[in-house]
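Undergrad: Generate a structure from the sequence data that follows.
(chains A, B and C)
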Amino acid sequence: MHELALLIAAGIASGTPLLLAGLGLLLNERAGVVNLGAEGLMLIAAVAGFGIAFYTGQTWLALLGGALAAAVFSALLAWMVVYLNTNQYASGLALSLFGAGISAFVGAALVGKKLEIETSEKLPFLGDVPFFGPALFQQHTMVYIAVALCFGIVFFLYHTKTGRLLRGIGESPASAHALGYPVQRIRWLSLVIGGAFCGLAGAYLSVIYAPLWVEGMVAGRGWIALALTVFATWRPWRVLMGAYLFGSVTMLQLHLQAIGIEIPTQFMSMLPYVATIIVLALISRNPHWIRANMPASLGKPFHPG
Amino acid sequence: MTEASRLRLQGISKSYGSLRANDKIDFDLKPGSIHAVLGENGAGKSTLMKLIFGLLQADEGDMFFDGRRVSWQSPEQARAAGIAMVFQHFALFESLSVAENVWLGLAKTWTLPAVSEALRELGQHYGLVVDPNAMVHRLSVGERQRVEIARGLLAKPRVMILDEPTSVLAPQAARALFTMLRTLASEGCSIIYISHKLHEIRELCDECTVLRHGKVTGRVDPRQCNDEQLSALMIGNAPPPLVRASLSLSEVILKVENFTVPALDDSSEHLNDVNLSLMSGEILGIAGVSGNGQGLLLDALSGEWCDGTRRERQVKGAIRFQGQAIEAFGVKQRRRLGIMAVPAERLGRASVPELSLADNMFLLDQGNDWRIDRPRLRRAAASVIEAQSVKALGPQALASDLSGGNLQKFIMGRALQAEPQVLLVSQPTWGVDVGASAQIRQQLLAHRDAGSAILVISEELDELFQIADRIQVMYAGKLSPAIARQDASVELIGQWMGGAWSADSQSSENVLMGAAALESQSSLGA
Amino acid sequence: MIVLEKRQHPSFWMTYLSPVISIVLTFLIAYFVVSAMGKDPIKVLSLFTLEPLSGKRAIGEVMLKATPLILCSLGLAFCFRSNVWNIGAEGQFLLGAIGAGGMAMWLTEAGVAGAGWLWVSLALLLGAFAGACWAAVTAWLRDRANANEILVSLMLVYVANLLLSYLVFGPWKDPKGWNFPQTLRFADSLSIGRLGTGMRVHWGFVVALISAAAMLWLMFFTSLGARLRVGGLAPGAARFAGFSSRESLWTVLLCSGAFAGLAGAMEVLGPMGQLTPHVSTGYGFTAIIVAFIARLNPLACVLASFLLSILMIGGELAQSRVGLPASVSSMFQGVLLMMLLMVDSFINYRLCWRPGAAKGLKPNA
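TA: Numbers count the residues shown, from 1 in each chain, chains lettered A, B, ... in the order given. Predicted coordinates:
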């Protein structure tokens, strides 16, 4: 039983970066912009966060720093894609390639360094509850913040005027423009804020989850987060469930070995990627369902006036 | 004594690059007046409205609202002053509810519950019934327009602008709209009514400003004018009337039997037990507001969605060409049989905008070789350009460089050059200027006279009454029985556009045979 | 204030100047970054531009590195023109390496001799086939399940990497290799012939050039190429014309996979001579940048491949001579692509000076 609780806890911790990045991408895509630069943003934030944590020893400063770094590059992508109307796919890809390069470049000096910060805390009372305690309430604060952010996004999208407007822009920027709203500014903002979320995810990985820095450590989680938004049909709660599910799949490999199933490590490491492919295939089989849920202007350029 | 104007424009000009969309326009709107702005596509009506509404700023000229000079930098400011706009292509969000949509279009001071309440009151007063909690994607086109209008009305406008409002309405719904507009005008609101439909303007409006090529060509009282006078102001000179030969039919060449394509969800098009027979030598018109299944019908007949897609599940019924079942035939197979389609979307479907006219010939003619024969494509394009008097720089001109009318002439000419036995056309003159429209309609008639079978899907009832021999109406995926043009009236078709036809009518082939017999009799006797 | 306005027609000059401007801008940024790191910028820039071209052997290296780039980018240009976003060329490259490497390993162990070029050709074909198969997975999932090809092909890159890792750490590891993750060295007869003495560049380079010419002909002079281009420009028009989107999807993906697989096979049978986890230095991703700089034109792909090959070699030189991290090359590749995209937007837009609110009139409340 305790094994199961630990598996759940590990799955939640592992799924948190997917949740954060997924929420950020959700914001972007709800506004109609597809952000293929997620992987690059997470890498940039990971190296920035680790660097700040290493030199200052401050966890929260590191997380914020990572988010900020990602937000800056997100702003650059946003300017290109929203105002210059460059191809969203190519631009995002360029950012990912760039992010991989610059994070490796800047982080070369940080490889192998160790951080001195605590990783996991136990919530008083709740943390001692049998089963649910170890399963749910012995996580780093960031995990709970991620869940709170999910609540926040739900509230924003469905219960505020700006959130509804954002959804409207994702569906028909032309209509929003005709009504007089600053479509480009809102899209730009959603990209920057969404990028900050990806940054939190990346910094969490290098500062709290691992914690270490190594080139390419995000290992495709940015791409998986993109698949996650499709899997979740662009709804925040489903992003949460999907993130924890994927996180658990990643953790499965360790526990299978513990049970005694002998599979080469590389094949176990393939699990998350193969799972992503399978899930994508299953979800996309009904093109009509996707189209009915997808923000209608996703990926398309918008020229005002 | 002349009343003070509600809205006055003086010398307003606006250019897009080298195109002068509005050229020194003077416009005068009185309080409580229903003022038409008449002009064909490209005359500058939309630009003028965008200027009035604050979406654009004029290059020259002045605007006065209630006597004070104004220059709005955004729709927000225009709205605050009391201008409401009902767009032709609705500014609505399908994934939100009616109340949420209206809320997003109003000033910041409104709350969502207040909007819902106000919508209910509006329903009582103007007869504009909408359910505030309904999701927009479930609404019909007419209902969506009501939401647009409701949004405009809630702002208690002093000026309301409507852009081609009846293009999406059946005749009866249009009458209801007019009643509402008259009520509104009587309460002191001024209305700008943009349209190119002459009979509507004469019925509804008390003033009319006519635009042509960006300039004002006339300011009249439409109630004192007839169609010819308005037409003359609008297009300069009327095109020659259409010429048609008497009806001479042969056999049924294309038959659609009990064709059913189920809907994929609430808001997608579907076809429900559709039956039609198309005979050589006739033009069959399909009337109806867009979105009732016409697009799907055209796709099914042209074969476009049979190729490599998975739509063939659950499709029932048959399509027969000269008796042979062709439902499973793809586009190229059908073209080889002589079935040619001309869809409504000119750019992106009937042509590739980034390619030249010569390259666009490739869409219909890939040759027999694995090589591309560029000279042959160029020659073919040149012959179409000449035959159709397309105003283009030559076969190497890009499709995106041509005006709407010229591109449509080219596309139509390309289809006709193949001398199809069956021609399926959708919205042949949408967005096309009057001269080109007349040419296209005349060509359709000429091919019909030569023995082709032609199916025309059109939202413009006038057009169908001009060129069709028989008319059927599409509503909610169902097709009405066919009726000969002589027996049809705008009233009747209008009712059918709401779905109210009776299933028992004579077999239309017989009706038509009878009509043809009558025509030949009368021509003999004349 | 300065406003971005859409042009009536795409600007002729910008279309051709844009890559040049982007390169210049990238060098400018490189200059400042390197200075900020305390290294001599002029020296570093010369490492990136002049050094790789100094002397016969150096030029041979440029041609050697350009070979896989040319092949991969040709396939990618083909895909991108049809609006099929195959981002997983890297994975197809690796599968090609695995296929050819596996066959070479088996042959070497079996002690096959004689008629080396025959076996080499077969191994190369096997590599191309393996790459095509890997791409076929993406094609099949997009065809049957509508799965987004960007994500699927990318996930397959990670899988391919892990597969290679498994093989060279596990069953294919050279027992006499001191436990290093690598296969045995392939027999000498199983390497692709060199083009000249003193250079490592091999016949694969010639194959790449021929392929570029073939792709040019395919894309612009055949009916198939025209169908694919229409499909990429306007899918609605392709449907209207009766072109099969399924045909184009499979054609471009299989072709692209085969090219990438061939490139991987050449890398393994050429300069490397064995399979290791480092068979690719990101060729599959660099090829994406090449394809964009080349504006998806096959001949320009060759030129752009040379450019990026020079940059890659420059990166290696900068690492060994000046002590910059190895990733400096991939960072500047990313910068180059971003610059290109930004400057490209000025093909369709231009900066204009528009005076503010009209004629000093104030709006009414």
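
Undergrad: B:Lys12 - that's part of a helix, no?
TA: Slight slip there: residue B:12 is Ile, not Lys. No - the assignment for B:Ile12 (DSSP: H, G, I helix; E, B strand; the rest coil) gives strand, which keeps it out of a helix.

Undergrad: In space, what's closest to it - neighbours in sequence excluded?
TA: Closest residue to B:Ile12 apart from its sequence neighbours, by C-beta to C-beta, 6 or more residues apart in numbering or on different chains: B:Gly61 at 3.5 Å. Bear in mind the C-beta positions are built from the backbone N, C-alpha and C, glycine included.

Undergrad: can you pull out the helices in the stretch 1-150 of chain A?
TA: A:2-30, A:38-56, A:59-78, A:88-107, A:132-136, A:141-159 (DSSP state H, counting those that start in this stretch).

Undergrad: So what does residue 57 have for phi and psi?
TA: Using chain A here. The phi and psi torsions at A:Gly57 (degrees, to the nearest 10) take the values phi 70, psi 0.

Undergrad: switch to chain C, that's the one I care about
TA: Reported as degrees, to the nearest 10, the phi and psi values for C:Arg57 are phi -70, psi -40.

Undergrad: Taking the stretch 51-200 of chain A, what residue is nearest to chain C?
TA: A:Phe98 (2.7 Å; C-beta to the nearest C-beta).

Undergrad: I'd like to know which residues of the stretch 151-300 of chain A are adjacent to chain C.
TA: Residues of the stretch 151-300 of chain A lying near chain C by C-beta under 8 Å from any C-beta of the partner chain: A:215, A:219-220, A:223-224, A:226-227, A:230, A:264, A:266-267, A:269-270, A:273-274, A:276-277, A:280-282, A:284-285, A:287, A:290.

Undergrad: re the thing from before, what secondary structure does the residue nearest to B:Ile12 sit in?
TA: State at B:Gly61, reduced to three classes by three-state DSSP: strand.

Undergrad: wait, it sits on B:Asp23?
TA: No - the criterion here is C-beta atoms under 8 Å, and B:Gly61 misses it with B:Asp23 at 10.1 Å.

Undergrad: Need the overlap of contacts for those two.
TA: B:Ser13 (C-beta atoms under 8 Å, 6 or more residues apart in numbering or on different chains).

Undergrad: still on that earlier bit, thinking the residue of the stretch 51-200 of chain A closest to chain C is in contact with C:Met339, fair?
TA: No - between A:Phe98 and C:Met339 there is no contact under C-beta under 8 Å: 10.2 Å.

Undergrad: Flag the shaky bits of the stretch 101-250 of chain C, pLDDT-wise.
TA: Within the stretch 101-250 of chain C, the stretches with pLDDT under 70 are C:113-115, C:198.

Undergrad: any chance you could map the helices in it?
TA: C:116-145, C:149-169, C:204-221, C:223-233, C:235-241, C:245-267.

Undergrad: And the residue of the stretch 51-200 of chain B closest to chain A?
TA: Minimum separation of the stretch 51-200 of chain B from chain A (C-beta to the nearest C-beta) falls at B:Pro75, amounting to 3.3 Å.

Undergrad: okay, now that residue: neighbour count?
TA: Residues lying near B:Pro75 (other C-beta atoms under 10 Å in any protein chain shown) number 21.

Undergrad: next one: C:Val206
TA: Other residues near C:Val206 come to 13 when the count uses other C-beta under 10 Å.

Undergrad: related to what we said a few turns ago, got the contact list for the residue of the stretch 51-200 of chain B closest to chain A?
TA: A:Ala178, A:Leu179, A:Gly180, B:Phe53, B:Gly54, B:Leu55, B:Met85.

Undergrad: Swap in 7 Å and give it another go.
TA: Contact analysis of B:Pro75 by C-beta atoms under 7 Å, 6 or more residues apart in numbering or on different chains lists A:Leu179, A:Gly180, B:Phe53, B:Gly54, B:Leu55.

Undergrad: From those, which land in helices?
TA: Judged by DSSP state H, helices contain the following of the contacts of B:Pro75: B:Phe53.

Undergrad: Filter the contacts of B:Pro75 down to the buried ones.
TA: By neighbour count, with 16 or more other C-beta atoms under 10 Å in any protein chain shown, the contacts of B:Pro75 hold A:Leu179, A:Gly180, B:Phe53, B:Gly54, B:Leu55 as buried.

Undergrad: and the stretch 351-500 of chain B, which residues reach chain C?
TA: Proximity of the stretch 351-500 of chain B to chain C (C-beta under 7 Å from any C-beta of the partner chain) is limited to residues B:351-352, B:354-355, B:362-364, B:366-367, B:369-372.

Undergrad: Just the buried residues of those.
TA: By neighbour count, with 16+ other C-beta under 10 Å, those hold B:Ser351, B:Val352, B:Leu355, B:Phe362, B:Leu363, B:Leu364, B:Gln366, B:Ile372 as buried.

Undergrad: Save these as JSON lines, and put in pLDDT too.
TA: Below are those laid out as JSON lines (pLDDT from 0 to 100):
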{"residue": "B:Ser351", "pLDDT": "94"}
{"residue": "B:Val352", "pLDDT": "94"}
{"residue": "B:Leu355", "pLDDT": "92"}
{"residue": "B:Phe362", "pLDDT": "93"}
{"residue": "B:Leu363", "pLDDT": "93"}
{"residue": "B:Leu364", "pLDDT": "91"}
{"residue": "B:Gln366", "pLDDT": "85"}
{"residue": "B:Ile372", "pLDDT": "86"}
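
Undergrad: Go through the residues you listed and say which is closest to B:Phe465.
TA: Nearest to B:Phe465, judged by C-beta to C-beta, of these is B:Ser351 at 29.0 Å.
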